[in-house]
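Asker: Provided below are the primary sequence and the corresponding predicted coordinates.
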Amino acid sequence: MTIKVFIVDDHYMVIEGIRSLLQQEASIELVGHAMSVDSCLSFLRNQQPDVILMDINLAEQSGIELSATIKRLYPGIFILGLSTFNQQSFIRKMMDNGASGYVLKNVTREELVDAINTIVKGKLYLSHEVARSLRAAEDPEVPLLTRREQQVLTLIAEGLTNNEVAEKLFISPTTVDTHRKSLLSKLNAKNTASLVRIAAQLQLI
C-alpha cells in the first residue's frame, strides 16, 4: 500500500528537505504541501492524504490548533508533529490535539519513514529525543514549578534583572526575589548561572 503524505510547513527549505528525504521511498507518495492554514484546508476539501507532516510553529495559527481542526473535520487523517521544539508542553499539546506522533526536524530519513509507517498502523510514534524529554518531565527528580515560578525562570534565563522581571510581570522586585530563591532551592542551584544551566538540562526552559 502506498502511503499518501502531505507536508504543512511555512518554510520552503524545510518542505524541500522533507521531499528529498522521502522521494526515493517506494511506499510513500508525496501528494503536495501547504505553507499556510488556508492553503492546507483548501487542499483537504478536495483530497485527503493518509498522513500530514505538521509543523507546529506556523505563521498565522499554531500547528497544534490546526491539528485539532483537521482531526475534527477529517478524523481518518493521521498527523505527525514536526518541530524544532522539544519541550514536553508542546509535545503533550500536540498529542492532545490529535497527533499520532512527534519527531524533531533533525530527524533522519530512516526515522521519518519509520514514524510514518508506525502511525498509519494506528500506533503512536515518538522520536528518541522526544520520548526522553517526556520521561524527564515525568521524572520525580524534575521539580514541579508553579506557573509564576516558570514565568520568572524563563525571564531570568533571558538575562533580565529582578527589576526588569518585576516590570514584565507587574509584581514587586521583592516578590521576584522570593520566587528566585524558591527556584534556587527547588533546582538545588548555587547561583543564577547554575540555575539557568540546570533548568536547561531538565528542559524547564
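Answerer: Yes, it's here.

Asker: Which parts of the protein are strands?
Answerer: Ranges of strands within the chain are 3-8, 28-34, 51-55, 78-83, 101-104, 125-126, based on DSSP state E.

Asker: any chance of those in CSV, with mean neighbour count and distance to Cys40 too?
Answerer: Placement of C-beta: from N, CA and C, glycine included. Output for the strands of the chain, formatted as CSV (neighbours: other Cβ atoms under 10 Å; distance: least, Cβ to Cβ, whole Å):
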stretch, mean neighbour count, distance to Cys40
strand 3-8, 23, 5
strand 28-34, 18, 4
strand 51-55, 26, 8
strand 78-83, 26, 11
strand 101-104, 23, 18
strand 125-126, 20, 21
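
Asker: so can I have a markdown table of those showing mean pLDDT and distance to Glu110?
Answerer: Shown next, in a markdown table, are the strands of the chain (pLDDT from 0 to 100; distance: least, Cβ to Cβ, whole Å):
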| stretch | mean pLDDT | distance to Glu110 |
| --- | --- | --- |
| strand 3-8 | 96 | 15 |
| strand 28-34 | 95 | 13 |
| strand 51-55 | 96 | 16 |
| strand 78-83 | 93 | 15 |
| strand 101-104 | 90 | 12 |
| strand 125-126 | 88 | 13 |
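
Asker: Tell me which of those strands sits nearest to Gly63.
Answerer: strand 51-55 (4.5 Å; Cβ to Cβ).

Asker: That closest one pairs with which strands?
Answerer: strand 3-8 (parallel), strand 78-83 (parallel) (DSSP bridges).

Asker: pLDDT weak spots in the protein?
Answerer: 132-142 (pLDDT under 70).

Asker: Output the strands paired with strand 51-55 in a markdown table, with distance to Lys71 appended to each entry.
Answerer: Below are the strands paired with strand 51-55 laid out as a markdown table (distance: least, Cβ to Cβ, whole Å):
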| stretch | distance to Lys71 |
| --- | --- |
| strand 3-8 | 13 |
| strand 78-83 | 7 |
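
Asker: wait, which of those is closest to Gln151?
Answerer: Short answer: strand 78-83, nearest of the strands paired with strand 51-55 by Cβ to Cβ, at 22.3 Å.

Asker: re the thing from before, mind putting the strands of the chain into a markdown table with distance to Thr174?
Answerer: Output for those, formatted as a markdown table (distance: least, Cβ to Cβ, whole Å):
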| stretch | distance to Thr174 |
| --- | --- |
| strand 3-8 | 46 |
| strand 28-34 | 50 |
| strand 51-55 | 42 |
| strand 78-83 | 38 |
| strand 101-104 | 40 |
| strand 125-126 | 42 |
